[in-house]
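*Asks:* What follows is a predicted protein model with its sequence.
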Amino acid sequence: MRHLLRLFSATVLSIAIVAGSTALFAAPATAKTWLAPSADPDVDPLQNLDEFENRILVKINHVRARHDLKRVRLFESCVDGKSESWAQRIKRTGSFVHRDQMKVINSCDLSWTGETLVRGIGLTPKVAVRAWLNSPSHRAVIMKPRARWAGVGVRVDSQGRTIGVLNFGDAS
């Protein structure tokens, strides 16, 4: 079945290219896409998880820009949903492990994904991004040139630890 869906997708894409279509797939009407989310100085990110997530992506895009990499965009779609659900799972189970990225690739119809995790008490967006950048394997995910889409999930567990899940993806 998956093979037929990919074949169908390739056929539709070929037709769109031949027809000169500029927008084959659009984000759902309810999706939010930020090329550069802004940090709201009046909102405490430790009290507002959406603000925490925005600040993580703002900081990551600043780092990527300093290295002449394109900004990643946050989609409230499959990639973001996977980040949100994995953060919730870590919160619920306490099992701080990466998931099988092939599940994200297949369910979101991507060709590449990368995942970074962080957890700590008193964690801030700045500290989370710094921790990822100080880890060679996590830094490699964040600095991957092909990273186009991001999803960020943040939760606080029963022990007061902030859990952050960042997923990047690319469909090309």
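*Replies:* Yep, that arrived. Numbering: from 1, shown residues only.
*Asks:* mind listing the helices in the chain by residue range?
*Replies:* Assigned helices in the chain, in chain order: 2-19, 49-66, 78-93, 101-108, 125-133, 136-142 (criterion: DSSP state H).
*Asks:* how about these in a markdown table, adding mean pLDDT?
*Replies:* Output for these, formatted as a markdown table (pLDDT from 0 to 100):
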| stretch | mean pLDDT |
| --- | --- |
| helix 2-19 | 35 |
| helix 49-66 | 92 |
| helix 78-93 | 94 |
| helix 101-108 | 90 |
| helix 125-133 | 95 |
| helix 136-142 | 96 |
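*Asks:* nearest to G160, of the ones you listed?
*Replies:* Evaluated over those, closeness to G160 peaks at helix 78-93, with 11.5 Å, by CB to CB. Every C-beta, even on glycine, is put in place using the N, C-alpha and C of the backbone.
*Asks:* which strands and helices sit next to the closest one?
*Replies:* Here helix 78-93 touches helix 101-108, strand 112-121, strand 149-156, strand 161-170, going by 3 or more CB pairs under 8 Å, 6 or more residues apart in numbering; DSSP states H and E.
*Asks:* Could you check how far the second one is from the centre of its chain?
*Replies:* Remark: strand 112-121 is offset 9 Å from the chain centroid, using CA atoms, centre = their mean, to the nearest Å.
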